[in-house]
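[1] Pasting the sequence and the predicted model now:
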Amino acid sequence: DVDGGGLVNLTRSRGTDRVPAWSPDGRLIALRSDRDGNGEIYVMNADGSAPRRLTRNPESEGVPVWSPDGHKILFPRWAHPGIDIWVMNRDGRGQRNLTPDVRPARIARDSSPAWSPDGRLIAFLSERDNTPKVYVMSSAGGEPAALGEFVDEFFAAGRISRSAGGVRFSLSVPKTSQWH
């Protein structure tokens with residue numbers, strides 16, 4: 001209920017279940033859970049039934065983000081020593097790294113992915129060039145393009161969200177942040 005009454009616990013795992021995300025059609029919920037020992041992506045029906053583990057990573061996964069059409073899920077994946085943005089089908093198949101570290105000396109920390117409304121682009125935060133920036137790239141993969149430089153010791157607290165009416169992204173950051 002909108003007033004907070006009638007709350008129902010949808011997960012009953014031994015671990016911590018967090019950052020739920022509704023699928024665009026409202027039938028599924030993707031979430032991050034450590035119920036099997038480390039943070040993995042799960043999907044369950046909207047009523048909490050039939051939870052299914054989609055990822056199996058010895059490190060950990062981040063916040064799942066549904067594509068606008070509900071067919072794919074973006075997520076950050078920790079792979080020591082960096083973090084990359086991955087995409088997979090809604091059933092967990094076809095997992096693919098969209099932002100691999102192509103230069104051995106570079107350790108990217110890519111995070112907070114967001115889809116454009118039409119699903120053709122993704123935006124994310126990264127320190128891939130040793131300076132925190134917002135990047136945009138094709139959701140099919142390819143070379144990311146930097147949109148702007150971002151300076152803040154709390155860079156990881158930023159979140160990108162998409163607009164409903166076009167290919168615009170907003171970045172929510174702590175009050176102490178500064179743009180160049």
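    Here it is on my side, so go on. Computed from a predicted structure; not experimentally measured. Residues are numbered from 1 along each chain as shown.
[2] what's the residue closest to the geometric middle of the chain?
    With distances taken as CA atoms, centre = their mean, F75 lies nearest the centre of the chain, 3.6 Å away.
[3] And the pLDDT for that residue?
    Reading off the confidence values, F75 has pLDDT 95.
[4] That one belongs to a helix?
    No - using DSSP: H, G, I helix; E, B strand; the rest coil, the secondary structure at F75 is strand, not a helix.
[5] Next up, the contacts around it.
    41, 55, 61-65, 85-88, 113 (CB atoms under 8 Å, 6 or more residues apart in numbering). (C-beta placed from N, C-alpha, C; glycine too.)
[6] how close does it get to A30?
    8 Å (CB to CB, to the nearest Å).
[7] any shared contact partners between those two?
    41, 64.
[8] pretty sure D129 contacts A146?
    Yes - here D129 reaches A146: they are 7.3 Å apart, a contact under CB atoms under 8 Å.
[9] Touching, P117 and D69? I think so.
    No - counting by CB under 8 Å, P117 stays clear of D69, with 10.6 Å between them.
[10] Can you add secondary structure, neighbour count and distance to S13 and give the contacts of F75 back as CSV?
    Output for the contacts of F75, formatted as CSV (DSSP: H, G, I helix; E, B strand; the rest coil; neighbours: other CB atoms under 10 Å; distance: CB to CB, whole Å):
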residue, secondary structure, neighbour count, distance to S13
I41, strand, 27, 14
T55, coil, 20, 15
E61, strand, 23, 15
G62, coil, 21, 18
V63, coil, 20, 18
P64, coil, 23, 16
V65, strand, 24, 21
I85, strand, 28, 26
W86, strand, 24, 23
V87, strand, 21, 25
M88, strand, 18, 21
P113, strand, 26, 25
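[11] What sits closest to I73 if chain neighbours are left out?
    Closest residue in space to I73, ignoring its immediate chain neighbours: P64 at 5.0 Å, by CB to CB, 6 or more residues apart in numbering.
[12] Pull up the gap between the nearest residue to R14 once chain neighbours are set aside and M137, please.
    Nearest non-adjacent residue to R14, counting by CB to CB, 6+ apart: R35, 5.8 Å away. Using CB to CB, R35 is found at 32 Å from M137.
[13] which ones are touching Y42?
    Per CB under 8 Å, 6+ apart, neighbours of Y42: 17, 30-33, 35, 51-54.
[14] give me that answer again for 7 Å
    31, 33, 51-54 (CB atoms under 7 Å, 6 or more residues apart in numbering).
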